[in-house]
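>>> Got a predicted model here, sequence first, then my questions.
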Amino acid sequence: MPTDGNTVLSVPAALHQTSYRNAVAAIINALKAECGESDQDIADRLGTSATTINNASNKRGDLNAVTLLRIGKEYGLHRLGPVMGLIGGKAAPISAVCTSDADLPIGAARGQLFLAKALGDQRIDDDEILAGSEDIEAAYQTFGNLKWRLDGARARRAS
């Protein structure tokens, strides 16, 4: 998977049982180290057995999909990073701002449409601003993301 300089994701590892077990073991072992929890503590939180957790942490067994998802729910989506990285992805909350290039025209258009409507009488009052808050926020996020990318591109060119 080539990178285009705009991504922070690394090249995914080969996808096979061993890479999956390595990723799961990394997650479980990080939980143990960072949270100071035992196999039993983690098992209790995830609704599974300590043996299942121990086998996963030692790469001798797999976690089922529901148990893996419970890790994200109980400990945070970021914990699923090693598994998501196997397919070149990352886990993020639904509320996270999407910076996909495909979404840029939508956010920009929402801002432009707001301006076109609000400026119909040559002025924008507080009621119009409040009514258009979602469109203003969408445009702000869109152009904020573009500004962040612009700053990064300028910095890469300067170095």
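Yes, it's here. Numbering: from 1, shown residues only.

>>> Tell me, how many residues neighbour the nearest residue to Ile129 once chain neighbours are set aside?
The shortest distance from Ile129 to any non-neighbouring residue, by CB to CB, 6 or more residues apart in numbering, is to Ile136 (7.0 Å). Yep, even glycine has a C-beta here, placed from its N, CA and C like the rest. For Ile136, the count of nearby residues is 17 (other CB atoms under 10 Å).

>>> Need the three-state assignment for Ile136.
helix (DSSP: H, G, I helix; E, B strand; the rest coil).

>>> Check whether it really touches Ile124, as I assumed.
No: contact status for Ile136 versus Ile124: not in contact, 10.2 Å apart, counting by CB atoms under 8 Å.

>>> For the residue nearest to Ile129, give me the pLDDT.
Note for Ile136: predicted pLDDT of 91.

>>> Residue ranges of each domain in the protein, please.
The record's domain split for the chain, according to automatic domain parsing, is 17-87, 101-158.

>>> what residue ranges in the chain score low on pLDDT?
Within the chain, the ranges that satisfy pLDDT under 70 run 1-13, 94-99.

>>> what's near enough to touch Thr142?
Residues in contact with Thr142 (CB atoms under 8 Å, 6 or more residues apart in numbering) are Asp103, Leu104, Ile106, Gly107, Ala108, Gly111.
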